[in-house]
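Engineer: Task: produce atomic coordinates for the following.
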Amino acid sequence: MPSKPYKKWTGICAASLFALTLGPWLYVKLEVSRNTTVYDSVWSDTGSCRIDSYIPRYSRFGVLGRLVALFSSNGFYRVYNKGGDELKSSEWLLWQREYPDMEAAHWVNGHAIYPTGDGYRGWTLPECG
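Structural biologist: Residues are numbered from 1 along each chain as shown. Model (predicted):
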């Protein structure tokens, strides 16, 4: 049976390892979020909202960026109203792959639809219909 100091040391090491991997990943994701430009933009039929597509460039962060890219999507989407307020975003959805460079997002009766690795996803936004 392990002694209590061993368990404490193991916990400290595990927490440190987690922080050392999460910190750089979070830094790269936040920088990409702030500095990625719009790849494509599609307005709703009523002109009240738009869905913007983004393709992040992780490569500008070197090896760290390439590692983050392995566990991140090829792109993401944000929906904005006419005033520029963000309504929805797929940016922080883990385990979902989006492909804005392969097919454009589109609107169907107030529903923002975008392509993913598992088909299509989206949001129902009554204010955009």
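
Engineer: ok, which stretches of this structure are strands?
Structural biologist: Secondary structure of the chain by DSSP state E: the strands cover 38-43, 49-54, 76-81, 86-89, 106-108, 111-116, 119-124.

Engineer: got the contact list for the fifth one?
Structural biologist: Under the criterion CB atoms under 8 Å, 6 or more residues apart in numbering, residues Val42, Trp43, Ser44, Asp45, Cys49, Ile51, Ile113, Cys128 lie in contact with strand 106-108. C-beta: built from backbone N, CA, C; applies to glycine.

Engineer: what comes up buried for it?
Structural biologist: Trp107 (16 or more other CB atoms under 10 Å).

Engineer: Same question for the last one.
Structural biologist: When burial is assessed from 16+ other CB under 10 Å, strand 119-124 yields the following buried residues: Arg121, Gly122, Trp123.

Engineer: sorry, back to before: now the two most distant members of the contacts of strand 106-108.
Structural biologist: Trp43 and Ile113 (13.9 Å; CB to CB).

Engineer: Around Val63, count how many other residues there are.
Structural biologist: Counted with other CB atoms under 10 Å, the neighbours of Val63 add up to 8.

Engineer: mind starting the numbering at 5 from now?
Structural biologist: With the count now opening at 5, the last piece we talked about shows up as Val67.

Engineer: Just the buried residues from the contacts of strand 110-112, in ChimeraX please.
Structural biologist: Typed into ChimeraX, the line below selects the buried ones among the contacts of strand 110-112, using 16+ other CB under 10 Å:
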select :46,48,53,55,117,132
